[in-house]
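[1] Just to be clear, the model below is a prediction. Sequence and coordinates:
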Amino acid sequence: MTASHATATEGASAGSTPGRQISVLLYSDDRTTRDAVRVTVGRRPARDVEVASWRECATAAAVIEAVEAGSFDLLILDGEAAPVGGLGLCRQLKSEIFECPPVLVLTGRPQDGWLATWSLADLAVPHPLDPIALAGAVAELGRRGRHAAS
């Protein structure tokens with residue numbers, strides 16, 4: 001963990017292009033899941049995408065309040081969260097929030113892809129979390145986030 005973080009930081013300070021900085025809202029009622037996502041994605045999920053800030057939420061109400069008040073480039077919602085799952089929450093946000101940021105949902109298994117489609121999620125990554133798939137999805141959606149034009 002530390003070596004890859006140091007490498008990303010050194011690369012940025014060594015004159016490489018800083019890339020796109022994104023702010024991410026992460027929702028799960030499970031602290032272990034939130035920690036796993038943050039560690040897996042890291043500070044730089046791709047050469048051109050850097051996570052500048054994380055906002056963690058453990059309840060659906062906190063997510064709704066944060067999204068209405070804040071400005072996030074990407075939302076990561078845990079489909080297995082309880083009592084409100086990230087899939088239903090995603091559908092609600094996509095239906096109710098004007099210019100909702102891109103949403104990545106974490107599904108319980110690969111066969112739940114149809115639920116991710118129903119939820120209107122932009123991308124889905126199943127549990128167990130594949131580090132390459134998760135970082136790739138964050139980078140892809142981060143590039144098209146709310147502030148992609150800026």
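    Nice, thanks for sending it over.
[2] List the contacts of A36.
    L129 (CB atoms under 8 Å, 6 or more residues apart in numbering). Every residue, glycine included, has its C-beta placed from N, CA and C.
[3] where does it land on pLDDT?
    We have a pLDDT of 97 for A36.
[4] Check for me that it belongs to a strand.
    No. A36: not assigned to a strand; according to DSSP: H, G, I helix; E, B strand; the rest coil it is helix.
[5] how close does it sit to R91?
    24 Å (CB to CB, to the nearest Å).
[6] Helices of this structure, start to end?
    Assigned by DSSP state H, the helices in the chain fall at 2-13, 31-41, 60-69, 86-96, 113-118, 131-143.
[7] tell me which residues in the last one are buried?
    The neighbour-count check on helix 131-143 (16 or more other CB atoms under 10 Å) flags 134-135, 137-143 as buried.
[8] what's the most centrally placed residue in the chain in contact with, if anything?
    Nearest to the geometric centre of the chain sits I76, at 3.3 Å (CA atoms, centre = their mean). With contact taken as CB under 8 Å, 6+ apart, I76 is in contact with 24-27, 37, 103-106, 138.
[9] filter those to the buried ones?
    Members of those classed as buried by 16+ other CB under 10 Å are 24-27, 37, 103-106, 138.
[10] Looking at these, which are in strands?
    Counting by DSSP state E, the part of those found in strands is 24-27, 103-106.
[11] re the thing from before, rebuild the helices of the chain as TSV, extending it with distance to R47.
    As requested, the helices of the chain are arranged in TSV below (distance: least, CB to CB, whole Å):
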stretch	distance to R47
helix 2-13	8
helix 31-41	14
helix 60-69	28
helix 86-96	28
helix 113-118	27
helix 131-143	9
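[12] Go through those helices and name the closest to V49.
    helix 131-143 (4.4 Å; CB to CB).
[13] Next one: the nearest residue to L89 once chain neighbours are set aside relative to L87, how far apart?
    Counting by CB to CB, 6 or more residues apart in numbering, the nearest residue to L89 once its immediate chain neighbours are dropped is A60, at 5.2 Å. A60 sits 11 Å away from L87, taking CB to CB as the criterion.
[14] between those two, which one's more packed in?
    L87 (27 against 20; other CB atoms under 10 Å).
[15] Is that one in contact with L115, as I believe?
    Yes. Between L87 and L115 there is a contact at 5.2 Å, judged by CB atoms under 8 Å.
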